[in-house]
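Colleague: fold the following and give me the result.
(chains A, B and C, ligands or ions: 2)
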Amino acid sequence: MTLMDFLNFHLVPGIVLGSIYAVGAIGITLVFGILRFAHFAHGDMATLGAFIALALVTAGIDPWRALPIAMAVMAVVAIGVDKLFYDYLKARPKIVTVMASLGVALMLRAVVQVVFGVDPRTYASGIVRPDDYFGILLRDRELYTLAAVVLIVIGLTLFLRHSRWGKAMRAMSDNPDLARLSGVDNRKVTMLTWAIVGALCAASGFMLGINNELHSMMGWQVLLPMFAAAILGGVGRVEGAVLGGLIVGIAEEMSIFILPAQYKAATAFVLLLLILLVRPRGLLNGKVL
Amino acid sequence: MDLLGLANYAVFMGILIGIYALLSLGLNIQWGFTGLFNAGIAGFFAVGAYASAILTSLPASGRLGGYELPLVVGWLASMAAAAAIAWPIGKICLRFRSDYLAIATIGIAEIIRLVIRTEGWLTGGVRGVTGVPRPFGDLDYMPSQLAYLAIVATLVLVAYLLVERQVKAPWGRMMRAIRDNELAAAAMGKQVEARRLQAFVFGSALMGLAGALFVHFNRSITPEAIDPMIATFLIWIMLILGGSGNNRGAILGAAVIWIIWSVSELLTDRLPTEIAVQAKYARVFIIGLTLQLVLRFRPEGILPERQAGAPPHR
Amino acid sequence: MALLDMKDVRGGYGDADVLHGVSMRVGEREIVVIVGPNGAGKSTAMKSVFGLLTVRGGSIVFDGEDITGWAPDRIVQRGICYVPQVDNVFREMTVHENFEMGAFLRRGDLSAAYDRIYGLFPDLKAKRRNLAGDLSGGQRQMVAMGRALMLDPKLLLLDEPTAGLSPKYMEQIFQITRDVRDAGVSILLVEQHAKQALAFCDRGYVLATGANRHEGSGQALLADREVAEMFLGG
Ligand SMILES: Nc1ncnc2c1ncn2[C@@H]1O[C@H](COP(=O)(O)OP(=O)(O)OP(=O)(O)O)[C@@H](O)[C@H]1O
Ligand SMILES: [Mg+2]
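Modeller: Ligands and ions are numbered 1, 2, ... in the order given. Sure, this is the predicted structure:
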């Protein structure tokens, strides 16, 4: 195998997949860090977001224009899910909310299955030939995916670093009691977090869909790699989620050198157990719940 | 349906309810008494099913097997295999909050599914394992079903009595104390980890045994037989609705939910095919919703945990 | 009239009471110290003022208004700020961001407020971009006080600000506390270092097993034989 083959067939797909995982993992790490529970409906929210974008595309909207709309819709859906199914559990141990989120996962998936069916779908049909950038082969959609992920990460980082409510979110993640003593309204931070998480779900689902295909299990199947990425990077750390996402994505694409291809999906699991074993706070020193 | 048909159906349901009751009891040890979140129940069930099937089945070309070992060996092996998988997972994850265990058990269930599909030499791949013997299988249909029901019922009773005894013993009191008070749990440190591990491994072993009972009842198993998410989720609802922390509740929940689930399947099967598929997924939606409703309006379940002086449930 | 007037407050965390009737008063520009053995309920008394536990009896009046049972964010806005005993900074945020969070409820130009805080804690000026979690214990305590002062409170509650600090830092914290008071803020303070605290406060309360034991001026308490035997090592 030449170096170029390695780059084009393993590293580049790994980076593309990894950056999609990163977007999902950021959402997981925000919920884990700020609301303090493992959100198992995350993957299926991504599925729903992807299919909402599909509905828009079917209505004649260009896929990349449909993305922001789908993100906005999912922001609202996520807030609604919280109000309907998680909010009333807040006085109980957090693990009960984890269970509720598993139920929500099942419900969201069933909605997709009833409304859109179970057959695989795509945003655009036909084969797209990649363009050659100094020997690196990239399709437009891969390029746009990478650009979109970079935009999302920069935008979110700026928001968390510099805006009043972004700081409130970080404060809540850092020390919830003290945040409350400082007058931060817990409910507003919760709503804002869900809005962002919903939008991120839609983005990751859409990007999975546009780089491959859409089907009702797509989100559930990436839940484990996304969790592995979030924990690998360090729970509560946005930069960590990005790093973790890239590592998991690249590792999955590289796994075929040591594992039969059928076990690609096991890579994330192995990474997860390894990091829990040797460094549970993750690479960037996140939280351990 | 005539009377005999109805009786047949009742016995058939009884056997499956017994198998689900074992799963629900296993989960009760983990969640009900110890607060451990196992989201990979289907995985432990499948491991038990395949372990016993491989050890006891007739020879078949292309896969391991043909040992034709006695059933008891198969059943013990099913428990041992499930326990052997639970142990390292628990060892790694039980130091942390139960969220991590939940993630890891989702992962292990997925890996078990991959292995079953991929490793044809071991599991027969998509063709599965057939020729699994059934105790009293050469009797006539009805006596054979009744005999199997008796075996399942006995095992459920034994499991129930064993778990009840454990829970009433100091072990159970300590587990509840740990579950209800994270601070106390943290203060007890290492010892708590060991106890939690015991609960996780023991519960998983029961789930493995349920798998074995299922495979010997069915006489065969294929990867399709177990839909990981739905199977796992059904058990969760059985326990929560029945009353987590209460063994009788766990068994009752298994019966109630399994009857509702299968009757609704009978109903949706009669629908015209165009909407039958959608109805199938609508059922899944409804079980998801049922969980939310139970958590909201009756979190303690039908039969709440019996516990003097303590708040009913979490 | 006293700024803060707690009368016969009872309450606790769960069903059991921890406070069995605690009464305390803090006047304008006064430094009041609470001392008492570990587990006496000193922190709990402070939290009861701040609406952090179920108060089952008695009343808490602040600045002429009954604030019993108010939620913390409302109390903050009314003019009381609180520095908890532990976990009192945002460790993952910079010193400056900690102050910004302190001023979360304040709008408008804050530069005067920042100048005031950095004037009180000049050491922190050079560290403003450091993470609070990376600072030394004493500096962290200053960040915690600074955060609480950002809202310009009328009353500041400090729970063991000198715990685990070297004598040098302790002296510095006491000095800052006095400076804050001189700027017009009343202070209610829990202290383990009973001798030093009683020496520098205006008045003190001795709490034991969730109830008042003694009260009086700092000097008077220091002179009291019983108090001395209880806490001051004879
Ligand atoms: N969050 C809590 N939940 C339940 N009980 C608590 C809690 N915090 C404190 N207690 C109990 O309340 C009592 C008083 O505790 P408190 O923290 O007020 O004491 P303290 O006087 O501040 O002691 P110290 O000098 O150690 O800080 C103790 O018996 C303690 O166990
Ligand atoms: Mg204290």
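Colleague: which helix of the chain spans the most residues?
Modeller: If you meant another chain, say so; for now it's chain A. helix A:186-211 (DSSP state H).
Colleague: you looked at the wrong chain, it should be chain C
Modeller: Per DSSP H, chain C has its longest helix at helix C:167-182.
Colleague: hmm, who's touching that one?
Modeller: Contact with helix C:167-182 is made by C:29-31, C:120-121, C:137-138, C:141-142, C:145, C:149, C:156, C:158, C:161-162, C:165, C:187, C:189, C:193, C:196-197, C:200, as judged by CB atoms under 8 Å, 6 or more residues apart in numbering or on different chains. Glycine gets a C-beta too; all of them are placed from N, C-alpha and C.
Colleague: what segments of the chain are strands?
Modeller: You didn't say which chain, so I picked chain A. A:131-133, A:136-138 (DSSP state E).
Colleague: you answered for a different chain; I wanted chain C.
Modeller: All strands of chain C, identified by DSSP E, fall at C:4-12, C:19-26, C:31-35, C:54-62, C:65-66, C:80-83, C:155-159, C:186-190, C:203-208, C:211-217.
Colleague: in CSV, list those strands along with mean neighbour count.
Modeller: As requested, the strands of chain C are exported to CSV (neighbours: other CB atoms under 10 Å in any protein chain shown):
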stretch, mean neighbour count
strand C:4-12, 19
strand C:19-26, 20
strand C:31-35, 26
strand C:54-62, 17
strand C:65-66, 10
strand C:80-83, 25
strand C:155-159, 24
strand C:186-190, 25
strand C:203-208, 22
strand C:211-217, 16
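Colleague: contact partners for residue B:53?
Modeller: B:74, B:129, B:132, B:212, B:215, B:220-221.
Colleague: equivalent analysis for residue A:72, please.
Modeller: Taking CB under 8 Å, 6+ apart as the criterion, residue A:72 is in contact with residue A:199.
Colleague: avg pLDDT for stretch A:88-97?
Modeller: Here stretch A:88-97 scores 89 as its mean pLDDT.
Colleague: buried sites along that stretch?
Modeller: A:89, A:93-97 (16 or more other CB atoms under 10 Å in any protein chain shown).
Colleague: wait, does that stretch make contact with chain C?
Modeller: No: judged by CB under 8 Å from any CB of the partner chain, stretch A:88-97 and chain C are separated, with a smallest distance of 13.5 Å.
Colleague: hmm, who's touching that stretch?
Modeller: Contacts of stretch A:88-97 (CB under 8 Å, 6+ apart): A:36-37, A:86, A:100, A:289, B:35, B:37, B:97-99, B:102, B:295-296, B:299, B:314.
Colleague: selecting buried members of the contacts of helix C:167-182 in ChimeraX, what would you type?
Modeller: In ChimeraX syntax, the buried subset of the contacts of helix C:167-182 is picked out as below (16+ other CB under 10 Å):
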select /C:30,31,120,121,138,141,142,145,149,156,158,161,162,165,187,189,193,196,197,200
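Colleague: wait, which of the contacts of residue B:53 is closest to residue A:61?
Modeller: Residue A:61 has its nearest neighbour among the contacts of residue B:53 in residue B:221, at 46.6 Å by CB to CB.
Colleague: okay, now the closest one: neighbour count?
Modeller: 26 (other CB atoms under 10 Å in any protein chain shown).
Colleague: check contacts around the residue nearest to it when sequence neighbours are not counted.
Modeller: Using CB to CB, 6 or more residues apart in numbering or on different chains and skipping the chain neighbours, the partner closest in space to residue B:221 is residue B:215 (4.7 Å). Residues counted as contacts of residue B:215 (CB under 8 Å, 6+ apart) are B:49-50, B:52-53, B:129, B:132, B:221.
Colleague: look at residue B:215 and tell me its secondary structure.
Modeller: Three-state call for residue B:215 (DSSP: H, G, I helix; E, B strand; the rest coil): helix.
Colleague: output stretch A:95-107 as PDB - backbone C-alpha positions only.
Modeller: Output in PDB follows, covering the C-alpha atoms of stretch A:95-107 (Å, rounded to 0.1, in the frame of the first residue of the first chain):
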ATOM      1  CA  ILE A  95     -29.700   7.300  36.800                       C
ATOM      2  CA  VAL A  96     -33.500   7.300  36.500                       C
ATOM      3  CA  THR A  97     -33.100  10.000  33.900                       C
ATOM      4  CA  VAL A  98     -30.600   7.800  32.100                       C
ATOM      5  CA  MET A  99     -33.300   5.100  32.000                       C
ATOM      6  CA  ALA A 100     -35.900   7.600  30.700                       C
ATOM      7  CA  SER A 101     -33.500   8.600  28.000                       C
ATOM      8  CA  LEU A 102     -33.300   5.000  26.900                       C
ATOM      9  CA  GLY A 103     -37.100   5.000  26.600                       C
ATOM     10  CA  VAL A 104     -37.000   8.200  24.600                       C
ATOM     11  CA  ALA A 105     -34.400   6.600  22.300                       C
ATOM     12  CA  LEU A 106     -36.800   3.800  21.500                       C
ATOM     13  CA  MET A 107     -39.700   6.300  21.000                       C
END
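Colleague: what's the mean pLDDT across the strand or helix carrying residue B:46?
Modeller: Assessed by DSSP states H and E, residue B:46 sits inside helix B:41-56. For helix B:41-56, the mean pLDDT works out to 94.
Colleague: and the next helix or strand past that helix?
Modeller: Toward the C-terminal end, the helix or strand that comes next after helix B:41-56 (DSSP H and E) is helix B:71-93.
Colleague: between the next helix-or-strand element following that next one and helix B:71-93, how many degrees?
Modeller: Counting by DSSP H and E, the element after helix B:71-93 in chain order, helix or strand, is helix B:98-118. For helix B:98-118 against helix B:71-93, the angle by axes from the mean of the first three to the mean of the last three CA atoms, to 10 degrees is 130 degrees.
Colleague: how near is the residue of the stretch 151-289 of chain A found nearest ligand 1 to chain C?
Modeller: Going by CB to the nearest ligand atom, ligand 1 is nearest to residue A:177 of the stretch 151-289 of chain A, at 10.6 Å. Counting by CB to the nearest CB, to the nearest Å, the gap from residue A:177 to chain C is 7 Å.
Colleague: ditto for residue B:128
Modeller: From residue B:128 to chain C the distance is 52 Å (CB to the nearest CB).
Colleague: same question, residue A:28
Modeller: If you go by CB to the nearest CB, the gap between residue A:28 and chain C works out to 18 Å.
Colleague: ok, that residue touching residue A:43?
Modeller: No: the pair formed by residue A:28 and residue A:43 falls short of the contact definition of CB atoms under 8 Å, at 9.4 Å.
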